[in-house]
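**Q** The following comprises the amino acid sequence and a computationally predicted model.
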Amino acid sequence: MRLFLLEKFQEWGATINQSEILVTLVFLSLIIIGSVLSNFITRRIIVTVLKMVILKTKNEYDDILLKKKVFDNLSHFIPALVIHFSIPYAIPNMPDVYHLIQSLTYIYMVVSVLVVINSLLNALNDIYDLIAERRRISVGIKQYIQVMKIVFVVIGIILIISVLLDKKPGAIFAGLGAMTAIIMLIFKDSILGFVASIQLSAYKMLKIGDWISMPGRGADGDVIEISLSTVKVQNFDKTISTIPTYALVNESFTNWDGMELSGGRRIKRSIFIDINTIKFLTPEMIERLKKIHYLTEYITETQTKIDKWNEKKGIDNTLTINGRSLTNIGVFREYIDNYLRNNFRVLKKYEKQKFTINDHQVEKFVIDDRDDFIKSNGVGVESQLSEIDGKTIINDTDKFLLKYGDFYKLENNRIYKVRKIKKMIISKGTEVEREDFEKVEVKPGLFCDDMTILVRQLSPTEKGLPVQIYVFAATTNWVKYEKIQGDLFDHIFAIMNEFDLKLFQAPTGKDVKSLIFNKS
């Protein structure tokens with residue numbers, strides 16, 4: 001082929017040197033076209049066809065391979081393979097150059113194989129977890145998977161070094177064995193940092209942009225840089241804290257990323273009620289409190305039940321203590337609970353319900369409005385739905401999320417409707433715009449309807465009876481969170497007199513002075 005082209009170019013009037021250059025250019029063009037074409041065939045045709053086939057199968061294990069992008073990563077290997085074996089034909093008279101190109105493509109192929117092995121091992125771990133969950137196996141294999149990853153990475157690094165140094169891998173292994181003690185002594189801190197960075201990434205403990213608190217190291221802010229030996233944190237006062245990487249593994253720290261991803265921040269605060277002000281409700285108080293919007297239904301229903309119970313038991317109502325009665329503290333707690341629930345932020349979400357099929361209980365996500373769901377996602381989504389006991393359910397959650405993952409996310413055992421947004425994050429000390437997902441709101445509000453809400457009594461103390469409010473504000477923004485929390489307790493303090501309740505407050509100097517003056 002090469003000789004044929006050389007002869008043709010010379011026939012067309014080119015010199016021998018010009019013919020060599022032209023033939024080289026032709027072969028390089030063919031190699032580039034071949035690598036691009038092979039990449040297109042593998043990624044756009046073969047991988048796409050595989051995805052279509054996998055999505056139609058009932059087997060869940062191949063879905064995991066698809067989700068972990070095993071086939072996508074494998075497609076990167078083919079173009080490098082084409083270049084590696086065809087480059088000698090393009091520049092046969094330049095052995096140093098094509099050996100260099102072959103070395104670079106070899107390194108690229110080693111890295112590609114490592115990426116494929118990593119995604120494959122992740123898929124195997126998920127497949128095992130799926131089997132273990134079904135068969136109630138409590139032993140995990142994640143730690144062994146991680147050891148295998150480290151082994152493959154070490155082998156890959158040695159292969160790359162052997163290419164760069166033009167030595168056999170066996171010689172590199174032998175050299176490492178003899179140098180181990182010296183290497184560990186000289187690079188002790190680097191090795192500790194390297195191991196710690198692997199642990200941080202493997203266990204997803206930390207990433208750039210996370211808000212962390214580490215009081216022992218004076219750090220409370222956003223992670224802006226993670227290196228082999230240090231992690232830099234920009235505190236909220238704009239100072240920079242530098243923490244050794246291994247310290248984040250050996251010491252405890254708080255990562256607030258989970259809170260930010262959840263979309264809610266916890267409010268957990270107690271108010272102390274003066275026990276001397278706790279009492280049964282009188283008929284006059286009941287009638288007055290009934291007029292409060294958040295209590296009308298509760299007091300009416302509860303008082304009816306109490307009256308029926310007392311009548312059934314033949315209780316003498318001349319003394320309140322004889323029967324069941326409403327208390328001002330109980331009604332106060334109910335008011336706070338109803339106040340919080342009436343100010344919920346409601347998200348578009350779908351929850352699981354239990355169904356019995358062939359004497360077996362199964363849990364399926366229920367769609368509350370089938371027509372609206374199909375209208376939002378297109379008629380193609382009908383293949384993902386079916387009917388059980390008159391309710392519309394999602395057949396296979398994994399397949400549904402694989403196909404509609406841009407619009408729905410699984411979190412806390414619920415499927416949330418989401419939309420894409422642009423979000424500013426900190427990356428290497430600068431703000432970068434990235435695409436993110438935001439949960440769709442049905443009704444705006446102050447508190448999260450999908451997280452824990454409690455209004456409870458704690459054990460009495462010398463300061464009175466603690467009533468704790470435990471709820472999540474529907475924001476992760478610090479300023480908005482503090483405003484919501486402040487407004488909530490402002491309201492609670494202001495309405496306490498309506499229930500004839502008083503806050504406990506230690507006497508001040510003015511109180512003591514007034515007491516002495518009154519006695520005198």
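**A** It's in.
**Q** Any idea how far apart the tips of stretch 406-414 sit?
**A** 16 Å (C-alpha to C-alpha, to the nearest Å).
**Q** List of residues touching it?
**A** 262, 349-352, 377, 397, 400-401, 415-420, 437, 439, 450 (C-beta atoms under 8 Å, 6 or more residues apart in numbering). (Each C-beta comes from the backbone N, C-alpha and C, glycine too.)
**Q** could you flag which of the residues you listed are buried?
**A** Buried subset of these (neighbour count, 16 or more other C-beta atoms under 10 Å): 262, 349-350, 352, 377, 397, 400-401, 415-418, 437, 439, 450.
**Q** and the two most separated of these?
**A** Taking C-beta to C-beta, the two most distant members of the buried ones among the contacts of stretch 406-414 are Ser262 and Asn377; they sit 24.7 Å apart.
**Q** wait, Asp436 sits on Lys420?
**A** Yes: look at Asp436 against Lys420 with C-beta atoms under 8 Å: they come within range, at 7.3 Å.
**Q** what's the closest non-adjacent residue to Ala247?
**A** Computed as C-beta to C-beta, 6 or more residues apart in numbering, the closest residue to Ala247 that is not its neighbour in sequence is Arg217, at 6.7 Å.
**Q** With Val163 instead?
**A** Ser103 (5.0 Å).
**Q** Burial check on the one you found, number of neighbours?
**A** Residues lying near Ser103 (other C-beta atoms under 10 Å) number 15.
**Q** Name the SS class of it, please.
**A** Three-state assignment for Ser103 (DSSP: H, G, I helix; E, B strand; the rest coil): helix.
**Q** Pull out the buried residues from stretch 453-468.
**A** Under 16+ other C-beta under 10 Å, the buried positions of stretch 453-468 are Ile453, Val455, Gly464, Leu465, Pro466, Val467.
**Q** any idea how far Ile267 lies from Gln468?
**A** To Gln468, Ile267 is 10 Å away according to C-beta to C-beta, to the nearest Å.
**Q** One more: Cys448?
**A** Separation of Cys448 from Gln468 (C-beta to C-beta): 17 Å.
**Q** if I read this right, Ile212 contacts Ile224, doesn't it?
**A** No: applying C-beta under 8 Å, one finds Ile212 not in contact with Ile224, separated by 11.1 Å.
**Q** Common neighbours of those two, please.
**A** Val233.
**Q** Got the domain ranges for this protein?
**A** 2-186, 205-255, 269-344+449-499, 349-439 (automatic domain parsing).
**Q** Quick one: mean pLDDT for the first one?
**A** Domain 2-186 shows an average pLDDT of 73 in the prediction.
**Q** cool, stretch 289-307 as well?
**A** 93.
**Q** Show residues contacting it.
**A** Residues outside stretch 289-307 that contact it (C-beta under 8 Å, 6+ apart) are 281, 286, 323-326, 331, 334-335, 338-339, 342, 498-499.
**Q** of all these, which two lie farthest apart?
**A** Largest separation among the contacts of stretch 289-307 by C-beta to C-beta: Gly323 and Asn342, giving 30.8 Å.
**Q** between the two, which one's more packed in?
**A** Neighbours were counted for Gly323 and for Asn342 using other C-beta under 10 Å; Gly323 has more, 16 against 12.
**Q** list the contacts for that one?
**A** Ile306, Trp309, Asn310, Lys313, Ile315, Asp316, Asn317.
**Q** Nearest to the spatial middle of this protein, which residue is it?
**A** Most central in the chain under C-alpha atoms, centre = their mean is Leu261, positioned 5.9 Å from the mean C-alpha point.
**Q** Could you pull out the buried residues of the helix or strand hosting Leu100?
**A** Secondary structure from DSSP states H and E places Leu100 in helix 95-134. With burial defined by 16+ other C-beta under 10 Å, the residues of helix 95-134 counted as buried are 98, 101-102, 105-110, 112-119, 121-128.
**Q** ok, now which ones touch the closest residue to Arg370 other than its chain neighbours?
**A** Leaving aside its sequence neighbours, Arg370 sits nearest to Thr392 (C-beta to C-beta, 6+ apart; 4.3 Å). Applying C-beta under 8 Å, 6+ apart, we find Thr392 in contact with Val366, Ile367, Arg370, Phe373, Leu385, Ser386.
**Q** among the residues you listed, which are in strands?
**A** Judged by DSSP state E, strands contain the following of the contacts of Thr392: Val366, Ile367, Leu385, Ser386.
**Q** Bridged to the first one, which residues?
**A** I take that to be Val366. Ile393 (DSSP bridges).
**Q** my read: it touches Glu351, true?
**A** Yes: at 6.8 Å, Val366 counts as touching Glu351 under the criterion of C-beta under 8 Å.
**Q** one step back: so which of the contacts of stretch 289-307 is the most crowded?
**A** Phe499 (25 neighbours).
**Q** Hmm, that one is touching Arg333, no?
**A** No: between Phe499 and Arg333 no contact is recorded; they are 9.9 Å apart, counting by C-beta under 8 Å.
**Q** picking that back up, quick one: what helix or strand has the residue nearest to the centre of the chain in it?
**A** Per DSSP H and E: Leu261 is located in helix 257-262.
**Q** which other residues reach that helix?
**A** With contact meaning C-beta under 8 Å, 6+ apart, helix 257-262 is reached by Lys207, Asp210, Trp211, Arg265, Arg266, Glu411, Asn412, Cys448, Met451, Phe472, Thr476.
**Q** For it, C-alpha coordinates in PDB please.
**A** C-alpha atoms of helix 257-262 as PDB (Å, rounded to 0.1, in the frame of the first residue of the first chain):
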ATOM      1  CA  ASP A 257     -23.200  18.100  52.800                       C
ATOM      2  CA  GLY A 258     -26.000  15.700  53.700                       C
ATOM      3  CA  MET A 259     -28.000  18.600  55.200                       C
ATOM      4  CA  GLU A 260     -27.500  20.700  52.200                       C
ATOM      5  CA  LEU A 261     -28.500  17.900  49.800                       C
ATOM      6  CA  SER A 262     -31.600  17.200  51.900                       C
END
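**Q** Any idea how far it is from the middle of the chain?
**A** Between the centre of helix 257-262 and the centre of its chain there are 7 Å (C-alpha atoms, centre = their mean, to the nearest Å).
**Q** which parts of the next helix or strand after it are buried?
**A** On the C-terminal side of helix 257-262, the nearest following helix or strand under DSSP H and E is strand 265-273. Within strand 265-273, the residues that qualify as buried are Arg265, Arg266, Ile267, Ser270, Ile271, Phe272, Ile273, counting by 16+ other C-beta under 10 Å.
**Q** from the residues you listed, which two are the most distant?
**A** Across the buried residues of strand 265-273, no pair lies farther apart than Arg265 and Ile273, at 25.7 Å, counting by C-beta to C-beta.
**Q** Using CSV, write out every CA atom in stretch 62-77.
**A** These are the backbone C-alpha positions of stretch 62-77, laid out as CSV (Å, rounded to 0.1, in the frame of the first residue of the first chain):
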residue,chain,number,x,y,z
ASP,A,62,-27.3,-5.8,33.6
ASP,A,63,-29.1,-2.6,34.6
ILE,A,64,-26.5,-2.1,37.2
LEU,A,65,-23.7,-2.6,34.6
LEU,A,66,-25.4,0.2,32.6
LYS,A,67,-25.8,2.5,35.6
LYS,A,68,-22.1,2.2,36.5
LYS,A,69,-21.2,3.0,32.8
VAL,A,70,-19.1,-0.1,32.3
PHE,A,71,-19.8,-0.2,28.5
ASP,A,72,-19.3,3.6,28.2
ASN,A,73,-15.9,3.3,29.8
LEU,A,74,-14.9,0.3,27.7
SER,A,75,-15.5,2.2,24.5
HIS,A,76,-12.6,4.6,25.3
PHE,A,77,-10.2,1.7,24.8
